[in-house]
Each structure stands twice: as C-alpha cells, then as structure tokens.
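> Show me the folded form of this:
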Amino acid sequence: MAPWLKGLGERHTVIRYDERGCGLSDTEIGDPSVEAWVGDLETVVDAVGLKRFALLGVSQGAAIAVAYAARHPDRVSDLVLYGGYARGRRFRGEGEEEDSIVAAIRAGWTGPNPAFRRMFSMLFLPNGTPEQMAWHEDLLRRSTTAEAAARLYRARGGVNVCELAPQVRARTLVMHARDDRVVPVEESRLLAALIPDAHLVLLESANHILLEQEPAWDMFRSEIEAFLGPDTQPSPPIAVAHLSGRQLEVLELVSEGQTNEAIADRLCLSVRTVERHLTNIYAKLHVSGKAGRAAAAHSRRLVIRRLHRRGLSPRLRRRPDRRHQPGRRSSDPQASGIRPHRPGNARERTGNVSSRPVREHRRDPALPARLHLQAAQRR
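Below is the predicted model of the structure:
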C-alpha cells in the first residue's frame with residue numbers, strides 16, 4: 001500500500017486502516033459481516049474526527065464503502081470504488097471456487113512451500129515481477145493467520161449490498177481492471193448500474209492490485225484527481241499544544257506502527273511508563289481508549305506537518321551514552337556486545353506489518369476488534 005498512500009497523498013489527506021484480523025488490528029475477528037465492517041469504519045471516522053469526506057473502497061472494501069455511504073449520506077461527499085463488487089462469490093455462482101480457495105488457505109497459508117501462496121499472487125498480480133510476487137506472498141503470510149484468512153474469505157463470499165447501492169447519494173466513480181482475475185469486471189458494471197449516476201472507467205490491466213510501473217496506475221490516479229479535484233477540506237482539529245516532548249516522541253513511534261514494548265526499548269523506558277504516556281496522550285487529544293491509538297497516529301502526522309511548516313524538525317531524544325566516557329567504567333552489558341533482554345526484543349517487524357497484534361489496553365466489549373490506522377498527509 002505504500003505507493004497508494006504516497007501517490008494519493010500528494011494532493012489529499014489519505015487515511016486507511018487495517019481490517020479486523022489483519023496487520024496490526026486485532027486477530028480476534030468476531031463474526032465478520034457487512035454490519036460489523038461498517039461499524040469498524042464508523043469507529044475510525046469518529047476517532048479521526050471527520051465530518052464530510054471522500055471515501056475510497058478497494059476490492060471487498062467497495063461493498064463496505066457502499067453500505068456506509070448509503071447509511072451516512074450527510075458524511076460522504078464523493079465515493080470512489082476500485083476492483084469492487086456489490087455481491088460476493090456465492091451470489092454470483094462461484095461457490096465451488098470459494099471452497100477450493102479456502103481449502104488452499106488452510107493447507108498452505110503459513111507453510112514453508114510457497115506454491116499455495118503463489119496461487120494468490122498469480123491472481124492478484126499476474127503481471128507483477130518475481131520480486132513483487134514474493135513481496136505479496138510474504139505479506140499474506142505475515143499480515144494474518146490461516147484461520148483468520150479463511151474466515152474472512154468465507155465471510156466476503158456472503159456479502160450482498162445490491163439493495164443498498166441505489167440508496168447512495170454521493171457522486172460516484174467506479175473503476176476496474178478490464179482483465180481482473182480476482183473480481184470479474186462485470187461486477188463493477190453492476191455496481192455502476194445500481195448506483196445512481198455513477199461513472200464507470202475500465203483500466204487496461206489484469207492486476208487486481210495496480211502496480212506503480214504500469215500505465216493503468218497513472219490512469220487510476222488521474223481519474224481520481226479529475227473526479228475529486230484539489231483537497232479543500234481542512235484537516236481534522238487536534239489538541240496538541242499541551243503535549244510534552246516525550247509524548248511527541250511516543251506519538252512519533254505509535255504512528256510508525258511500533259508496539260508498546262518496541263517503544264519502550266527504543267526510548268529506554270519501561271512498558272508501564274509508555275502506557276502512562278499513551279493514556280495521557282489520549283486524554284489530551286480527547287479520544288477514547290478503544291480508538292485512541294488510531295486517532296493518535298493520524299494526529300501525530302498533523303503535528304509533524306505543523307512543525308515542518310514552522311521550520312522545525314522533530315527528533316527522538318535518547319539518553320546520553322556514557323559507556324565510552326574516559327575514566328568511567330560501565331557495567332552495562334551492551335558495552336561488551338551483550339544486549340540485555342527486554343520484553344518485546346524478540347518481536348519481529350518487517351515493513352509495515354508486525355508479526356504479532358497490538359494489545360495495549362483491555363478491549364471495550366462494544367468494539368469487537370481494535371483497528372490500526374495509517375495516514376498520509378497531503379503536501
């Protein structure tokens with residue numbers, strides 16, 4: 001998603017979140033359904049403080065975007081759908097294919113043999129390079145468990161928002177890769193027919209995930225820019241005046257997707273101290289605990305941009321290193337090349353995906369899954 005965030009964030013503020021069961025959101029996915037997914041989107045929108053905005057739905061997210069737009073016509077100004085559908089596989093006669101793919105997920109999602117995952121790369125990135133396919137296969141394995149992937153895939157097959165689509169009142173742009181192997185192009189034609197006055201654009205590609213080196217990616221971006229125009233909406237208000245320097249440092253690492261243990265290790269603090277900083281940050285930003293981390297991540301990016309506009313550049317402070325000062329003998333095991341054990345040192349991170357879920361606070365029973373959010377601020 002990095003090219004997407006970078007490309008779309010050049011002229012717009014882009015906010016995305018990890019779906020329940022994926023990435024840094026909770027792996028306990030509960031009972032996935034359109035109602036649950038729309039509820040997750042509502043939580044993110046409320047946490048960030050958006051009032052009226054353009055909504056982008058990609059692949060299975062298109063159906064959720066349609067349902068949200070139908071439910072909240074006062075909030076969605078424009079709707080952009082790519083590679084999406086109004087009805088899941090079981091409603092378009094692909095039940096046997098769904099069973100086969102679910103079986104493949106359970107058999108080889110996390111196994112050492114990449115052949116099972118290569119099947120998904122051939123579907124999602126048929127024109128990708130070997131390196132891009134390998135990246136996609138590794139991302140699949142690291143972003144969620146086999147059980148969660150199978151349940152999510154099965155749940156998406158039962159999606160049907162055909163009755164909600166005609167209720168959408170927002171201006172709508174529908175785009176689809178003409179030779180998409182994951183979602184048939186006919187599904188976007190159906191979406192465009194169901195949504196009043198929707199505009200359909202077909203892209204010359206077979207990739208379900210558009211790649212930045214292909215012409216279809218440039219066409220995708222230019223169509224969005226022409227449809228949305230410049231971003232004139234003000235950034236969501238945030239209260240940052242009273243954040244201390246240390247709290248800004250913690251916020252910096254939260255926005256990078258760091259866990260509490262990793263933040264503690266980076267700043268030479270205890271995990272409990274990091275938790276106290278986060279509690280105070282949430283209170284000062286006026287966000288609730290259940291969605292605080294998502295809102296804080298977005299708020300930090302707005303803070304950094306404001307600092308840059310003032311000619312300032314935030315830096316992480318570190319404790320002074322006194323291990324090699326003359327005349328000082330240190331008992332620090334790091335001085336002899338031995339790294340002291342801290343909880344979380346063994347936690348692995350690759351790219352933007354953590355191998356374990358974030359679990360800092362007790363989850364609110366009203367929110368079945370905590371969502372991890374990313375934001376790209378327009379330049």
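> roughly how far apart are the closest residue to Pro184 other than its chain neighbours and Leu55?
Nearest residue to Pro184 in three dimensions, chain neighbours excluded: Arg92, at 7.5 Å (CB to CB, 6 or more residues apart in numbering). The way it works is simple: take the backbone N, C-alpha and C, and place the C-beta from them, glycine included. Here Arg92 is placed at a distance of 24 Å from Leu55 (CB to CB, to the nearest Å).
> repeat for Pro73
Going from Pro73 to Leu55 by CB to CB gives 11 Å.
> Between these two, which contacts overlap?
Shared contacts of Pro73 and Leu55 (CB atoms under 8 Å, 6 or more residues apart in numbering): Ala170.
> When these two are compared, which one has more neighbours?
Taking other CB atoms under 10 Å, Pro73 and Leu55 do not tie; Leu55 has more neighbours (24 against 12).
> any idea which helix or strand carries that one?
Leu55 is part of strand 53-58 when elements are defined by DSSP states H and E.
> what does Pro32 give?
Assigned by DSSP H and E, Pro32 belongs to no helix or strand.
> Sticking with the nearest residue to it once chain neighbours are set aside, tell me its helix or strand.
Nearest non-adjacent residue to Pro32, counting by CB to CB, 6+ apart: Ala155, 3.9 Å away. Using DSSP H and E, Ala155 sits in helix 146-157.
> Residues in contact with that helix: which ones?
For helix 146-157, contacts defined as CB under 8 Å, 6+ apart pick out 19, 21-22, 27, 29, 32-33, 60, 88-90, 94-95, 98, 101-102, 105-106, 109-110, 140, 144.
> rerun that using 6 Å as the cut-off
By CB atoms under 6 Å, 6 or more residues apart in numbering, the residues outside helix 146-157 that reach it are 21, 27, 29, 32, 60, 88-90, 98, 102, 105-106, 109-110.
> Tell me which two of these sit farthest apart.
Spanning the widest gap among the contacts of helix 146-157 are Arg90 and Thr110, at 25.9 Å by CB to CB.
> returning to what we had before: okay, now the residue nearest to Pro184: neighbour count?
Around Arg92 there are 17 residues (other CB under 10 Å).
> Quick check: it vs Trp217, distance?
27 Å.
> chain center to whichever helix or strand Ala103 is part of: distance?
Using DSSP H and E, Ala103 falls within helix 95-108. Distance of helix 95-108 from its chain centroid, counting by CA atoms, centre = their mean, to the nearest Å, is 25 Å.
> so it versus helix 146-157, what angle?
170 degrees (axes from the mean of the first three to the mean of the last three CA atoms, to 10 degrees).
> And stretch 112-121, what's buried?
Counting neighbours by 16 or more other CB atoms under 10 Å, one finds that the buried residues in stretch 112-121 are 114, 116-117, 119-121.
> What of stretch 211-225?
Under 16+ other CB under 10 Å, the buried positions of stretch 211-225 are 214, 216-217, 219-221, 223-224.
> all helices for the stretch 1-150 of the chain, in order.
2-8, 34-48, 60-71, 95-108, 115-124, 130-143, 146-157 (DSSP state H, counting those that start in this stretch).
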